[in-house]
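# A structural model of the following input is requested.
(chains A, B, C and D)
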Protein chains: 2
Amino acid sequence: MDTVAITEKMKAKGLRITPQRFSVYANLLSRCDHPTVEEILGDLNQEFSMSSKATVYSTLSALKDVGLVREVLLEDGVSRFDANVMKHHHFRCRQCGSIEDLAWEVFHPPLTNLLRPGLEVEAYEATLHGLCDRCQ
Amino acid sequence: MDTVAITEKMKAKGLRITPQRFSVYANLLSRCDHPTVEEILGDLNQEFSMSSKATVYSTLSALKDVGLVREVLLEDGVSRFDANVMKHHHFRCRQCGSIEDLAWEVFHPPLTNLLRPGLEVEAYEATLHGLCDRCQ
DNA sequence: CTTTGTGCAAACGATTTGCAGGATG
DNA sequence: CATCCTGCAAATCGTTTGCACAAAG
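Numbering: from 1, shown residues only, chains lettered A, B, ... in the order given. Predicted coordinates for the structure are as follows:
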């Protein structure tokens, strides 16, 4: 996705554009893993100081509020972020901890008639655990 | 489950029995929600001081190591614990935050042929989100 | 009596907050 | 030029750790 498209996407959600915000979102869009705040910040500050930790937190929070990114909480006590906001599931390697997205079709919809009456299901998602190819 | 059965279950796993350990596990077995350390500790210290936070953490860690309890990490950054170690899924009410167990049969197994080759799936579980009856 | 658990307080790491100055629309 | 973002440091919150004392087997 090019610079203009990214900017437009943010503007369309009513976000004020700043170099920090732009680069956080651009970084997230360019990755296929699910980075932590530290990892994003490391990328942004690689060549020159671009942003601070507090700003990355606040930017991710703003992006999350308007639905451009999703927060992913898996087995470690760390927030991870994902610019893929389509419905999908996750796979997590128990060895290296890497996370990847899985097609939504991997699971059939839940059999809601097996739930106790009274529960109103609005969404769901699954996490698969195992070993990735690199760790086998 | 009675006192003797609980004690035997812990002994069978090689755990040394103490009043603190016993009451943490007994508390967890008697609940159907998925309490945090704070909630368990609050219960134990209701009438008189029974345990400390560090001990509850260490007990839960020991119980987890021998497979008598499971740690559940859901949408908030807090560890929750579950004495139900059978395979099951979870439902979380987005209003009140309550969590309940769902039957394993609610989902068919994943269609692993849709995954990219190289991933070795060992386990999985799903979380459903919605409104419980009390919150509708 | 040896091993292991307990409880306190201090340490820790991720995240949030307060606030003065600066950039955006 | 009014709004609201940035960045620093301090505050917060859940969890872990170190250690002296006590309890379990």
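
# how about the residue of chain A at minimum distance from DNA strand C, what does it touch?
Chain A approaches DNA strand C most closely through residue A:79 (3.1 Å), counting by C-beta to the nearest atom of the strand. Yep, even glycine has a C-beta here, placed from its N, CA and C like the rest. With contact set as C-beta atoms under 8 Å, 6 or more residues apart in numbering or on different chains, residue A:79 has these partners: A:36-37, A:71-73, B:77.

# mind checking pLDDT for it?
On pLDDT, residue A:79 comes in at 94.

# Quick check: can you list the domain ranges of chain A?
Following the assignment in automatic domain parsing, chain A carries domains at A:3-82, A:88-130.

# So what sits opposite the residue of chain A closest to DNA strand C in the bridge?
Counting by DSSP bridges, residue A:79 is bridged to residue A:73.

# quick one: residue A:56 from residue A:28, how far?
10 Å (C-beta to C-beta, to the nearest Å).

# intersection of neighbour lists for these two?
residue A:40.

# So if I had to pick from those two, which one is more boxed in?
Set residue A:56 next to residue A:28 and count neighbours by other C-beta atoms under 10 Å in any protein chain shown: residue A:56 wins out with 25 against 21.

# Check the secondary structure at that one for me.
Applying DSSP: H, G, I helix; E, B strand; the rest coil to residue A:56 yields a three-state assignment of helix.

# Looks like residue A:75 contacts residue B:73 (just checking).
Yes. Using C-beta atoms under 8 Å, residue A:75 makes contact with residue B:73 at a distance of 6.6 Å.

# Helix, strand or coil: sort out residue A:113 for me.
Assignment for residue A:113 (three-state DSSP): helix.

# tell me the pLDDT at it?
pLDDT, residue A:113: 95.

# What separation is there between it and residue A:125?
Counting by C-beta to C-beta, the gap from residue A:113 to residue A:125 is 20 Å.

# could I get the strand ranked longest in chain A in CSV with only the CA atoms?
Ordering each strand of chain A by length in residues (DSSP state E) puts strand A:120-131 first. Below are the C-alpha coordinates for strand A:120-131, written out as CSV (Å, rounded to 0.1, in the frame of the first residue of the first chain):
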residue,chain,number,x,y,z
GLU,A,120,-26.1,-14.4,22.4
VAL,A,121,-23.0,-15.0,20.3
GLU,A,122,-21.7,-12.0,18.3
ALA,A,123,-18.2,-13.1,17.4
TYR,A,124,-15.7,-15.8,17.9
GLU,A,125,-12.1,-16.7,17.0
ALA,A,126,-9.8,-19.6,17.7
THR,A,127,-6.1,-20.0,18.4
LEU,A,128,-4.3,-23.1,17.2
HIS,A,129,-1.1,-24.2,19.0
GLY,A,130,1.7,-26.3,17.7
LEU,A,131,5.0,-26.2,15.9
